[in-house]
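Trainee: Pasting a predicted model and its sequence here:
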Amino acid sequence: MACINPDGTLTPTAMAVISALHTPSTPAEIGQATSIPVYRIRSTIRELIEAGLVLESDGQYRLTETGMKRL
């Protein structure tokens with residue numbers, strides 16, 4: 001996964017997205033908080049969902065317990 005380094009650490013983009021998810025947020029809200037383009041937010045979120053760090057509900061994203069531990 002591009003947002004997770006081979007050693008298991010998160011990339012700076014993934015850390016920025018996770019840090020912005022202290023409250024449930026949309027990709028646009030995360031983009032505003034991080035100054036990362038929304039297309040990049042969406043691809044990072046997809047990878048974080050696959051990794052079990054983020055969940056989606058009604059168009060908003062939030063951290064899983066595992067995601068909270070990665071902060």
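Mentor: The structure has been received and is ready for your questions.

Trainee: who are the neighbours of the strand or helix carrying residue 46, in terms of helices and strands?
Mentor: Using DSSP states H and E, residue 46 sits within helix 38-50. With contacts taken as 3 or more C-beta pairs under 8 Å, 6 or more residues apart in numbering; DSSP states H and E, helix 38-50 sits against helix 12-20, helix 27-34, strand 54-57. Yep, even glycine has a C-beta here, placed from its N, CA and C like the rest.

Trainee: Could you export the ones you listed as TSV, including distance to residue 6 and mean neighbour count?
Mentor: TSV is the format used below for the helices and strands packed on helix 38-50 (distance: least, C-beta to C-beta, whole Å; neighbours: other C-beta atoms under 10 Å):
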stretch	distance to residue 6	mean neighbour count
helix 12-20	14	18
helix 27-34	24	17
strand 54-57	20	14
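
Trainee: export those to JSON lines and tack on mean pLDDT and distance to residue 48?
Mentor: Listed next are the helices and strands packed on helix 38-50 as JSON lines, based on pLDDT from 0 to 100; distance: least, C-beta to C-beta, whole Å:
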{"stretch": "helix 12-20", "mean pLDDT": "94", "distance to residue 48": "6"}
{"stretch": "helix 27-34", "mean pLDDT": "95", "distance to residue 48": "11"}
{"stretch": "strand 54-57", "mean pLDDT": "95", "distance to residue 48": "4"}
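
Trainee: In the helix holding residue 46, which of the residues would be classed as buried?
Mentor: By neighbour count on 16 or more other C-beta atoms under 10 Å, the buried set for helix 38-50 is 40, 41, 44, 45, 47, 48.

Trainee: so, if you compare those, which one comes nearest to residue 12?
Mentor: Closest approach between the buried residues of helix 38-50 and residue 12, by C-beta to C-beta: residue 44, at 10.6 Å.

Trainee: For this protein, give me the ranges with low pLDDT.
Mentor: By pLDDT under 70, the low-scoring segments of the chain are 1.

Trainee: Can you name the residues that contact residue 53?
Mentor: Residues in contact with residue 53 (C-beta atoms under 8 Å, 6 or more residues apart in numbering) are 18, 63, 64, 66, 67, 70.
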